[in-house]
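In: Pasting the sequence and the predicted coordinates here, then a few questions.
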Amino acid sequence: MNSIIQKETFRSFLLKLDKNLEPHLDFLYDVYENIYHGINEINNGNSSQPVFNINSLELIFYILGEFNYAIRGFDSQKIEAFKNDEKMVEMLSNVSADKYLSLSLYNHREEKLTNRYLPPISSLELYLNLMLNIVSRYPRNNPSNTLIVDLLTKSLSIARCTLTLLCDGYETEAFSMWRTLHECESVLIILDKYQDVAINAYLTHMEYGIAYKNGIKDTIKQDAIFEQIKKEMASLGLKSKDMKKFIEYGWLTKIDDFNQNKEFKLNFRDGLQSLAGLHQYASIYMTSSEILHSTPLLIYSNKSYFHYLTLLNLYESFFRIEKVFVSLLFQRIDDQGKAKYLEMRSLYYQQLINIHKREMQMFDLIKNK
């Protein structure tokens, strides 16, 4: 069993985290010591459970979290009153102990079908990480100039989040996250293909969306935007009930290929997804919608099936996003960054293709059972 951390070691650890904790050292150590001995008594008297080690560092983090949150916004006088209030001390100690015991020692964990060290996860995460590091060097959050970078960054973050959910055993949740990624990649592909005409139209409808949600403080400007929306809707033969779908998908009508195909509509499946050339994912997207809306498919889902379904579709989305990345951003990278990216690509891109093929074979075995 781990021994209790002595006060000097405790002090050294605290000050490395935050030098401003020095005035609270005695108080925090007393709380830690009380909790440690209390948990230790429970541990020694619990014959029905195996003896566990107490992770002091993790326990300290819970104590600091509770303490810092409790005194947030307090002046020095209120902080001292808090530390001298026995009820507050007892509350902080009990809550910290409960969270440590419940969330660290007895934390519920889903059954996991993979982990972050296996190549299907680690190789893709490595690639995503490098791409995120590259896009993070460029200015962001100024849509008129950084739309592509912002959308690429968000897409890569969503892809990485999907991997994390898979590693934690949340397959259906990861599949729902892929659904959002698929929507992002559809936009990216269209912006890449049609360039300025699509980008400008998307930005215009982004402003329409802000106005629709009353996000523009200038009422004269907001009224003018609504007049423009009504005018454009009338030219397309749309009624007032169609305003939301016009705001979301109307930007596609600025693209000739959309207007020339009578099968295209102002929605995701028959509009955005189809124009992006991803209509073959329509049925998979519909399945993800069922998962998202809490149907029995969500409640009684097969973990293995949705693990492979999500992983495979995530890989396929990644391959397409990587092409957009190269098309729209790669030419902006300096020579050193370009060389580093090409080196990684030569090492891992083919491996990712091979992993996708291998995981597809595993998925086929599961489907055929």
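Out: Done, it's in. Numbering: from 1, shown residues only.

In: Now find how far off-centre the lengthiest helix in the chain is within its chain.
Out: Of all the segments of type helix in the chain, defined by DSSP state H, the longest one is helix 171-212. For helix 171-212, the distance between its averaged C-alpha position and the chain's averaged C-alpha position is 16 Å (Cα atoms, centre = their mean, to the nearest Å).

In: So which elements touch the helix or strand just after that helix?
Out: Scanning forward in sequence from helix 171-212, with DSSP states H and E defining helices and strands, the next element found is helix 219-235. Helix 219-235 sits against helix 171-212, helix 243-249, with contacts defined as 3 or more Cβ pairs under 8 Å, 6 or more residues apart in numbering; DSSP states H and E. Every residue, glycine included, has its C-beta placed from N, CA and C.

In: Tell me which of these is the most buried.
Out: Mean neighbour counts were compared across the helices and strands packed on helix 219-235 using mean count of other Cβ atoms under 10 Å; the top stretch is helix 171-212, at a mean of 19.

In: Now do the longest helix of the chain: which elements does it pack against?
Out: Using 3+ Cβ pairs under 8 Å, 6+ apart as the contact test, the elements touching helix 171-212 are helix 143-167, helix 219-235, helix 243-249, helix 273-275, helix 282-292, helix 303-328.

In: Please render the helices and strands packed on helix 219-235 as JSON lines that adds distance to residue 260 and mean pLDDT to the earlier fields.
Out: Supplementary listing: the helices and strands packed on helix 219-235 in JSON lines, determined by distance: least, Cβ to Cβ, whole Å; pLDDT from 0 to 100:
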{"stretch": "helix 171-212", "distance to residue 260": "13", "mean pLDDT": "96"}
{"stretch": "helix 243-249", "distance to residue 260": "16", "mean pLDDT": "97"}
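
In: before we move on, back to that, what angle sits between the longest helix of the chain and helix 219-235?
Out: For the pair helix 171-212 and helix 219-235, the angle between their directions (axes from the mean of the first three to the mean of the last three Cα atoms, to 10 degrees) equals 110 degrees.

In: closest one to residue 365 among the helices and strands packed on helix 219-235?
Out: Among those, helix 171-212 comes nearest to residue 365, with 17.0 Å by Cβ to Cβ.

In: For this protein, which residues score under the pLDDT cut-off?
Out: With pLDDT under 70 as the threshold, the chain has low-confidence stretches at 1-2, 45-52, 329-331, 369.

In: can I see the domain layout of it?
Out: In terms of domains, the chain is parsed into 7-105, 119-367 (source: automatic domain parsing).

In: Can you check which of the ones you listed gets nearest to residue 111?
Out: When the domains of the chain are compared (using Cβ to Cβ), the closest one is domain 119-367, at 5.5 Å.

In: Distance from the closest one to the middle of the chain?
Out: 13 Å.

In: And it, end to end?
Out: Using Cα to Cα, to the nearest Å, the span of domain 119-367 from its first residue to its last is 22 Å.

In: Looking at the helices and strands packed on helix 171-212, which one is packed in the most?
Out: helix 273-275 (a mean of 21).

In: other SSEs contacting that helix?
Out: Taking 3+ Cβ pairs under 8 Å, 6+ apart as contact, the helices and strands that helix 273-275 lies on are helix 171-212.

In: redo that, cut-off 10 Å
Out: helix 171-212, helix 256-259, helix 282-292 (3 or more Cβ pairs under 10 Å, 6 or more residues apart in numbering; DSSP states H and E).

In: Contacts for the helix or strand just after the last one next, please.
Out: Going down the chain from helix 282-292, the next helix or strand is helix 296-299, by DSSP H and E. Counting by Cβ atoms under 10 Å, 6 or more residues apart in numbering, helix 296-299 makes contact with 172-173, 175-176, 287, 290-292, 306, all of which sit outside it.

In: wait, which of the residues you listed is closest to residue 146?
Out: Within the contacts of helix 296-299, the smallest distance to residue 146 is 27.3 Å, found for residue 176 (Cβ to Cβ).

In: Could you list every helix and strand in contact with the host helix or strand of residue 12?
Out: Using DSSP H and E, residue 12 sits within helix 7-17. On a contact count with 3+ Cβ pairs under 10 Å, 6+ apart, helix 7-17 meets helix 25-45, helix 56-70.

In: Please tabulate the ones you listed in CSV, including the columns mean neighbour count and distance to residue 142.
Out: Formatted as CSV, these follow (neighbours: other Cβ atoms under 10 Å; distance: least, Cβ to Cβ, whole Å):
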stretch, mean neighbour count, distance to residue 142
helix 25-45, 15, 43
helix 56-70, 17, 34
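
In: one step back: return the member of the contacts of helix 296-299 nearest to residue 209.
Out: For the contacts of helix 296-299, the minimum distance to residue 209 (Cβ to Cβ) is 20.8 Å, reached by residue 292.

In: mind listing what the residue nearest to the closest one when sequence neighbours are not counted touches?
Out: The shortest distance from residue 292 to any residue other than its chain neighbours is 4.9 Å, reached at residue 176 (Cβ to Cβ, 6 or more residues apart in numbering). By Cβ under 10 Å, 6+ apart, residue 176 lies in contact with 162, 165, 170, 288-289, 291-293, 298, 306, 310.
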